[in-house]
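S.K.: just need the structure, nothing else, for what follows:
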Amino acid sequence: MRSIWNGAISFGLVSIPIKLVNATESHSISFRQIHTEDMGRIRYRKVCELEDREVSTAEIGKGYEDADGTIIPITDDDLAHLPLPTAKTIEIVAFVPADRIDPLQMDAAYYLAAGGAPAAKPYTLLREALKRSQKVAIAKFALRGRERLGMLRVVGDAIALHGLLWPDEVRAPEGLAPDTKVTVNDKELDLADALMDTLGEIDLEDLHDEYREALEEVVAAKAAGEAPPEAPEPAKTGKVLDLMAALEKSVKAAKESRGEEGEAEAEVRQMPARKSARSTPKQAGGKKSTSTAKKTPAKKTPAAKKSTAKSTQGTKKTTTAKSTTTKKTAAKKTAAKKTTSRKRTA
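M.R.: Below you'll find the model as predicted:
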């Protein structure tokens, strides 16, 4: 790997000659701009606005544009004599726990290679000290025209340098959280936990850039004069109307994709039980509570309820009928007595 910067690590009074090497590389596919009519390349030419002619790289320098439009030329010699102690030195300023570094600050990564035999001893000393302390080193260094913040950590047998954004370069996430008050219940959290458990275990080595692979297939097909492969239809996803249903389906689908179809259904069915177990307090003394069994009355079946209702209605009808018959009989006797009394009087 080719070094892009040579300098030293300043570790107190220890100086470690190092070479800076890119730790990452891009595998993205790039395109050229072309004239669609004749496939001619479209190039960007560097033209001087005053002379209206193309200029070579050797004629191009740097300049700072002032607020009023004035151009202030800055030469490489001006940049080389900047009063920066970090111009050729990675100056370690502190050692902190790794969890103190906000991932939002992480930038490009580099490897630090020992610069020859004299660097072997101090390089190894710094590496082993970082390992034993389980800390990372915070450093300042200058690269590509500006001073940067960095973090040194151990990767295998080497020391890696991660560029860090300055704290004022990271925006605060104000106004991004939902304004609506939302309550999440235990059952929803249980299902989310089950989904996380299913999706959480994966070997990062198994992940790959599917977009780049598909793009390579398209380029190969076009080069061979063949039709590009058809893209599969994306899965239809509707609006999330029921969060619980969406979580249950997600858990089931995730388990099925890993060949755990039977476990998926069992897991989803057992979710409500996890909530009751979480919310039920333990009894003192380790004794099981039997109050639920004592207080639970025997429930009547629907058939028994109907039979009881019919029996009650029949009893009411019989009582009403008897009462009506008795009243009619009493009325007839009263009428007969009145008739007999009238005859005697006459």
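
S.K.: rest of the way, CA atoms for contacts and neighbours
M.R.: Noted.

S.K.: give me the contacts around stretch 159-177.
M.R.: Outside stretch 159-177, the residues within contact range by Cα atoms under 8 Å, 6 or more residues apart in numbering are 23, 104-113, 127, 148-154.

S.K.: wait, stretch 116-130
M.R.: 14-18, 114, 136-137, 153-154, 157-159.

S.K.: quick one, domains of this protein?
M.R.: Annotated domains of the chain cover 3-46+89-169, 181-200+241-280 [automatic domain parsing].

S.K.: in TSV: the ones you listed, plus mean pLDDT, mean neighbour count and distance to K222.
M.R.: Shown next, in TSV, are the domains of the chain (pLDDT from 0 to 100; neighbours: other Cα atoms under 10 Å; distance: least, Cα to Cα, whole Å):
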stretch	mean pLDDT	mean neighbour count	distance to K222
domain 3-46+89-169	92	15	14
domain 181-200+241-280	71	14	33
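
S.K.: mind checking which of those is nearest G61?
M.R.: For the domains of the chain, the distance to G61 is smallest for domain 3-46+89-169, at 12.1 Å, taking Cα to Cα.

S.K.: I'd like to know how far P97 sits from V218.
M.R.: Distance, P97 to V218, by Cα to Cα, to the nearest Å: 47 Å.

S.K.: for E210, same thing?
M.R.: On the measure of Cα to Cα, E210 and V218 end up 12 Å apart.

S.K.: repeat for L13
M.R.: To V218, L13 is 57 Å away according to Cα to Cα.

S.K.: what of E248?
M.R.: For E248 relative to V218 (Cα to Cα), the value is 37 Å.

S.K.: for this protein, which segments count as strands?
M.R.: Secondary structure of the chain (DSSP state E): strands at 3-11, 14-22, 47-48, 53-54, 62-65, 71-74, 89-97, 106-114, 135-143, 146-155, 158-164.

S.K.: who are the neighbours of the second one, in terms of helices and strands?
M.R.: If you count contacts as 3 or more Cα pairs under 8 Å, 6 or more residues apart in numbering; DSSP states H and E, strand 14-22 packs onto strand 3-11, strand 106-114, helix 120-133.

S.K.: report the central residue of the chain.
M.R.: The chain has M196 as the residue nearest its centroid, 10.2 Å off, counting by Cα atoms, centre = their mean.

S.K.: near A177, how many other residues are there?
M.R.: By the criterion of other Cα atoms under 10 Å, A177 has 7 neighbours.

S.K.: backbone dihedrals for it, please?
M.R.: Per-residue torsions, A177: phi -70, psi 150 (degrees, to the nearest 10).

S.K.: can you start the count at 295 instead of 1 from here on
M.R.: All set: I'll call the first residue 295, so the last point we hit is now A471.

S.K.: I'd like the distance between it and G450.
M.R.: From A471 to G450 the distance is 39 Å (Cα to Cα).

S.K.: and if you look at E331?
M.R.: In this view, E331 and G450 are 53 Å apart by Cα to Cα.

S.K.: one more: V315?
M.R.: V315 sits 15 Å away from G450 when distances are taken as Cα to Cα.

S.K.: go on, K425?
M.R.: From K425 across to G450, the span is 10 Å (Cα to Cα).

S.K.: equivalent analysis for S551, please.
M.R.: Here the criterion is Cα to Cα. By it, S551 lies 34 Å from G450.

S.K.: what stretches of the stretch 495-640 of the chain score poorly on pLDDT?
M.R.: For the stretch 495-640 of the chain, applying pLDDT under 70 flags the ranges 528-535, 554-640.

S.K.: tell me which stretches of this structure form helices.
M.R.: Applying DSSP state H to the chain gives helices spanning 370-374, 414-427, 480-494, 504-517, 537-551, 555-573, 585-589, 596-639.

S.K.: hey, what's I328 bridged with?
M.R.: Going by DSSP bridges, I328 is paired in beta bridges with R335.

S.K.: same check on R440?
M.R.: Beta-bridge partners of R440, as defined by DSSP bridges: L437.

S.K.: ok, the one 5 residues further on next?
M.R.: Partner residues in beta bridges with M445: I432, H456, with DSSP bridges as the criterion.

S.K.: is it in contact with K429, as I believe?
M.R.: No. At 10.2 Å, M445 and K429 do not qualify as touching, with contact defined as Cα atoms under 8 Å.

S.K.: how much space separates the nearest residue to E482 once chain neighbours are set aside from D487?
M.R.: Nearest residue to E482 in three dimensions, chain neighbours excluded: M538, at 6.2 Å (Cα to Cα, 6 or more residues apart in numbering). Per Cα to Cα, M538 is found 13 Å from D487.
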